[in-house]
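J.: Have a look; sequence and predicted model below, questions after that.
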Amino acid sequence: MQKQKQAIIQSSLGSVFSVFSEEELKKITDDKKRSVAISGKINSPGIIEVPQGATLAQVINLAGGLLNDRGFKAAQLGMPFGGFLTEDSLDKELDFTLFDEDISRNIIILSQEDCIIQYSKFYVDYLIGKMHEGALEHYEVAREEILRIWKLLDRVSKGKSNMRDIFLLRRLASTVKEKVNQKHNIMEEIIDKFYEEIKEHIEEDRCYTSQCNHLIKLTITTKCIGCGACKRVCPVDCIHGEPKKQHYIDYNRCTHCGQCIAACPVNAITAGDNTFRFLRDLATPNKVVITQMAPAIRVTIGEAFGFEPGTNVENKLAAALRKLGVDYVFDTTWAADLTIMEEAAELQERLEKHFKGDKDVKLPILTSCCPAWVKFIEQNYGDMLDVPSSTKSPMQMFATIAKDIWGREHGLERDQITSVAIMPCVAKKYEASRLEFSRGLNYDVDYVITTRELIKIFEVSGINLSEIEDEPIDQVMGEYTGAGVIFGRTGGVIEAATRTAVEKMTGQRVDNIEFEALRGWDGFRACELEVGDIKLRIGIAYGLKEAGKMLDKIRSGEEFFHAIEIMACTCGCVGGGGQPKAKKRLETLQKRAEGLNAIDRSLPLRRSYENPAVLAIYDKYLDYPLSHKAHELLHTKYFVKVKDNK
C-alpha cells in the first residue's frame with residue numbers, strides 16, 4: 001500500500017545517507033581507479049578521486065569540508081558496514097584495503113551535529129528496510145537480533161534505558177557479527193568509540209545534539225547575548241540572568257510555550273530539532289511516513305515564500321510534503337472537528353446539569369488543546385484539575401486514530417507508521433513525549449516539526465511554495481469544517497464548541513454562527529453569549545500571565561464563567577513559538593487570524609457535527625460522543641506536577 005518514495009536525500013543540511021544508487025556504488029567499487037563516493041555532513045557530496053597517500057582529512061577537504069564547520073565526529077566506511085574511523089584517524093592515510101569485496105566504496109561523514117544514537121537507529125532502520133525489500137539476504141539469519149538492537153536503541157533515545165542495555169547491545173552485536181560473518185559490526189564499534197555519549201543519554205537523560213526529542217528541554221545556548229528579550233516575554237517568569245550574560249531557565253516553572261524562542265534576536269534558544277530525523281525517515285525504505293498539519297500552519301508558512309500573512313497555502317503545502325517523500329499528507333483540522341464533538345458534548349452535559357440546579361457540576365469547563373497551559377495548570381493550579389475538558393488535543397486525537405484505526409484498516413502495525421505532526425507550537429514537542437500518549441514506547445506522535453523547521457527543510461531542499469502546483473490533502477483524514485479551522489486563533493476553540501453545543505441543546509439551527517462576542521484581541525476578555533434562551537458567560541485569555549489572573553479570579557469566586565478558553569501564545573496558535581517571526585507582530589498575527597476566519601466563511605460546512613468523515617468514525621468505531629469507546633481512545637487525564645527542587 002505504500003507509495004513510491006521520492007525522498008530528498010541531498011541538501012545544504014547534508015546528504016541524508018548515501019546520495020548514490022546501489023548500481024552507482026557497485027560501479028565505483030568495481031572500478032580499478034581510486035574512486036570513492038562521499039556523502040553526509042559535507043559541503044559537496046559526490047564522487048572523488050583519492051590521491052595516493054591522501055589522509056582522511058584531505059579526503060574531507062576534497063568534498064568541500066565539513067558542513068557548518070561543526071567538527072568531525074566519524075566516518076562510516078562502506079555499505080552495509082565497513083567500520084568507523086574517528087578523530088584519531090583524520091591525519092592518517094585512508095587505507096583502501098578497508099573497502100573489502102563485500103563493502104561498497106563509499107564514505108558517510110558524521111559531524112558533531114549528529115547524535116550517535118539517532119544515527120544508529122537510522123542505520124538499523126535502513127538495514128531492516130533493505131532486508132524487507134529482499135536485499136542483504138545474508139543478514140536474514142540475524143533478523144531477530146537486529147530487531148532487538150533497534151528496540152534497545154529506541155529505549156535509550158527515549159530516556160527509558162539503563163546501563164545493562166549497553167551490555168545487551170554488546171551481546172547482540174557479537175551474535176550478529178558471528179551469524180553474518182562480519183569483519184566489522186556497527187554496534188560494537190559505536191559502543192567502543194562513543195561509550196560516553198551513550199552513557200550520557202542513559203544516566204543524564206541528555207542528548208547534546210538535541211536530536212532525541214524525549215530528552216530535550218528548552219535550552220538557552222552559549223549564543224545568548226544577555227539582551228533580556230526572552231526574560232521580558234516569559235509569561236511564567238522562569239528565565240533568569242544578568243544583562244549581557246548568558247541567561248538560564250528554571251524548569252520547575254517553564255511550560256515550553258516557546259515565546260522566548262520567538263523573541264530571541266540571535267536564535268540562542270532551542271527546543272531541539274527533528275529535521276535530520278524527518279529527512280532520514282523519508283529516505284528509509286519501507287517506512288510509512290504520515291504528516292498532519294495544524295490549522296494555523298496553512299496561513300503562516302507562506303510568509304517565508306512571499307505570500308501575504310493569512311494566505312491559505314494548504315494545497316501547496318500538501319504538494320511540497322509529497323515532493324519531500326511523505327507518503328500521506330493529512331490534516332489536524334479534521335481531528336479538531338473530532339475534538340469538538342467530544343468537547344461540545346462535555347460542555348453540553350455540564351451546562352444541562354448546571355441549568356437544572358446540580359450544585360456538584362464542575363464549571364467552568366476549560367478547553368484542552370494548548371499543551372503549554374496544560375502544563376501551567378498542572379504545575380500551579382493542582383486544585384483545579386477538574387476544570388479542564390478531558391478530551392485530548394486535536395494533534396493527539398489525530399495520531400491515536402491514525403495509528404489505532406487508520407493503520408489497522410491499511411494493514412499496518414503501530415510501529416510501521418511514523419507519525420509526524422507539523423505544528424506552530426514548541427510545547428507540542430513536550431506534549432508528544434507525554435507518556436499517556438503512548439502505547440509502551442510507541443508514541444502516538446513520533447515527533448513534531450515546527451513551522452520554522454519545515455520552512456528550513458523546504459528552503460534547503462530547493463522547494464519553493466510560490467512555484468509549486470497545488471495538490472489536495474489526503475482523505476479520509478483531511479476533510480474539515482469551518483469550526484475546525486478557527487482553532488488556530490484566540491477564541492476559536494470555544495466558538496467552535498459553542499456552535500455545536502448550543503444547537504444540540506436548543507434543537508434549533510442558528511443562522512449566524514460567527515459569534516462576534518467571542519472575538520477580539522484583548523489578552524483577557526469576559527464575553528456574554530446569548531443564543532435563544534441560553535445565556536452563557538465565557539472567559540477567553542491568551543498568554544499565561546493573563547491565564548493566571550483569570551484562574552485566580554475563578555478560584556476566589558470573584559468571577560464566574562460557564563466555559564473558558566486559554567491559549568499560551570499571543571492571539572492563539574497563529575502566534576505560536578514555532579511560527580515565522582514577524583516584524584509588525586500584532587498586525588501580522590491579526591492577518592493570520594483573519595485568514596482562518598476567511599476559510600471558515602468560505603466553507604459549506606461550518607459546524608463540526610456536520611463533518612461526514614467524523615460522523616463515519618463514530619458510526620464505525622466510537623458509537624457516539626462521550627461513549628465508553630470514545631473515552632478509551634479520545635480522552636486523557638491531568639496530573640499535579642511536583643516541583644523538583646534539585
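T.: Arrived safely, thanks for sending.

J.: Buried residues in stretch 267-279, which are they?
T.: 268, 269, 270, 271, 272, 273, 274, 275, 276, 277, 278, 279 (16 or more other Cβ atoms under 10 Å). (Glycine included, C-beta is placed from N, CA and C.)

J.: Where do the strands of the stretch 251-400 of the chain begin and end?
T.: 269-270, 288-293, 328-331, 365-366 (DSSP state E, counting those that start in this stretch).

J.: for the stretch 451-600 of the chain, same thing?
T.: Counting by DSSP E, counting those that start in this stretch, the segments of the stretch 451-600 of the chain that form strands are 524-531, 534-542, 563-567.

J.: between the ones you listed, which one is nearest to residue 292?
T.: Across these, residue 292 has its closest neighbour in strand 563-567 (19.1 Å, Cβ to Cβ).

J.: Let me know the angle separating the closest one from strand 524-531.
T.: For strand 563-567 against strand 524-531, the angle by axes from the mean of the first three to the mean of the last three Cα atoms, to 10 degrees is 140 degrees.

J.: ok, strand 563-567: who's next to it in the sheet?
T.: strand 365-366 (parallel), strand 534-542 (parallel) (DSSP bridges).

J.: hey, C-alpha coordinates of stretch 220-231 in PDB?
T.: Presented in PDB, the C-alpha positions along stretch 220-231 are these (Å, rounded to 0.1, in the frame of the first residue of the first chain):
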ATOM      1  CA  ILE A 220      19.400  28.800  26.200                       C
ATOM      2  CA  THR A 221      22.700  28.200  24.400                       C
ATOM      3  CA  THR A 222      26.000  29.900  24.600                       C
ATOM      4  CA  LYS A 223      24.900  32.100  21.700                       C
ATOM      5  CA  CYS A 224      22.900  34.200  24.300                       C
ATOM      6  CA  ILE A 225      24.000  37.800  24.400                       C
ATOM      7  CA  GLY A 226      22.100  38.600  27.600                       C
ATOM      8  CA  CYS A 227      19.700  41.100  26.000                       C
ATOM      9  CA  GLY A 228      16.800  40.100  28.200                       C
ATOM     10  CA  ALA A 229      14.300  39.800  25.400                       C
ATOM     11  CA  CYS A 230      13.400  36.300  26.400                       C
ATOM     12  CA  LYS A 231      13.100  37.300  30.100                       C
END
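
J.: May I see the buried residues of it?
T.: 220, 224, 226, 227, 229, 230, 231.

J.: out of the strands of the stretch 251-400 of the chain, deepest packed?
T.: Greatest average neighbour count among these goes to strand 365-366 (a mean of 28), per mean count of other Cβ atoms under 10 Å.

J.: So which residues make contact with that one?
T.: Identification of contacts with strand 365-366 by Cβ atoms under 8 Å, 6 or more residues apart in numbering yields 346, 347, 350, 377, 387, 388, 389, 562, 563, 564, 565, 566.

J.: Ok, stretch 225-240 next?
T.: Under Cβ under 8 Å, 6+ apart, the answer for stretch 225-240 is 220, 241-255, 257, 259-260, 262-266, 268-269, 376, 543-545, 547, 568.

J.: before we move on, the earlier item: closest to residue 361 among the buried residues of stretch 267-279?
T.: In terms of Cβ to Cβ, no member of the buried residues of stretch 267-279 lies closer to residue 361 than residue 271, at 38.0 Å.

J.: wait, that closest one sits on residue 255?
T.: No: in this structure, residue 271 is not within contact of residue 255 by Cβ atoms under 8 Å, at 12.0 Å.

J.: if I look at the residue lying closest to residue 205 once chain neighbours are set aside, how far off is residue 419?
T.: Using Cβ to Cβ, 6 or more residues apart in numbering and skipping the chain neighbours, the partner closest in space to residue 205 is residue 159 (4.6 Å). Taking Cβ to Cβ, to the nearest Å as the measure, residue 159 falls 19 Å from residue 419.

J.: and stretch 534-542, how far out from the chain's middle?
T.: With Cα atoms, centre = their mean, to the nearest Å as the basis, stretch 534-542 stands 31 Å off its chain's centre.

J.: got a list of what the residue nearest to residue 205 touches?
T.: Listed by Cβ under 8 Å, 6+ apart, the contact set of residue 159 reads 201, 205, 212, 214, 215.

J.: need the next SSE after the lowest-mean-pLDDT helix or strand in the chain, C-terminal direction.
T.: Across the helices and strands of the chain, mean confidence by mean pLDDT, DSSP states H and E is lowest for helix 22-30: a mean of 64. Downstream of helix 22-30, the first helix or strand assigned by DSSP states H and E is strand 35-40.

J.: Sort out for me which of the buried residues of stretch 267-279 are in helices.
T.: With helices defined by DSSP state H, the entries of these inside them are 275, 276, 277, 278, 279.

J.: Of all residues in the chain, which one is nearest the centre?
T.: In the chain, the centroid-proximal residue (Cα atoms, centre = their mean) is residue 448; its distance is 0.3 Å.

J.: That one belongs to a strand?
T.: Yes: assessed with DSSP: H, G, I helix; E, B strand; the rest coil, residue 448 lies in a strand.

J.: ok, what's across the strand from it?
T.: The partner list for residue 448 in beta bridges (DSSP bridges) reads residue 421.

J.: Could you report the distance from it to residue 154?
T.: Applying Cβ to Cβ to residue 448 and residue 154 gives a distance of 18 Å.

J.: same check, this time on residue 309
T.: Taking Cβ to Cβ, one finds residue 309 at 40 Å from residue 154.

J.: Then residue 450?
T.: Taking Cβ to Cβ, one finds residue 450 at 23 Å from residue 154.

J.: Spatially nearest residue to residue 243, not counting backbone neighbours?
T.: Once flanking residues are discounted, residue 243 sits nearest to residue 226: 5.5 Å by Cβ to Cβ, 6+ apart.

J.: Give me the phi and psi for the one you found.
T.: Main-chain torsions, residue 226, degrees, to the nearest 10: phi 70, psi 30.

J.: what pLDDT does the residue nearest to residue 205 get?
T.: For residue 159, the pLDDT comes out at 92.

J.: How about residue 68?
T.: pLDDT, read off for residue 68, is 81.

J.: what's the neighbour count on it?
T.: The criterion is other Cβ atoms under 10 Å. On that basis, residue 68 has 14 neighbouring residues.

J.: for it, what are its contacts?
T.: Contacts of residue 68 by Cβ under 8 Å, 6+ apart are 41, 111, 113.
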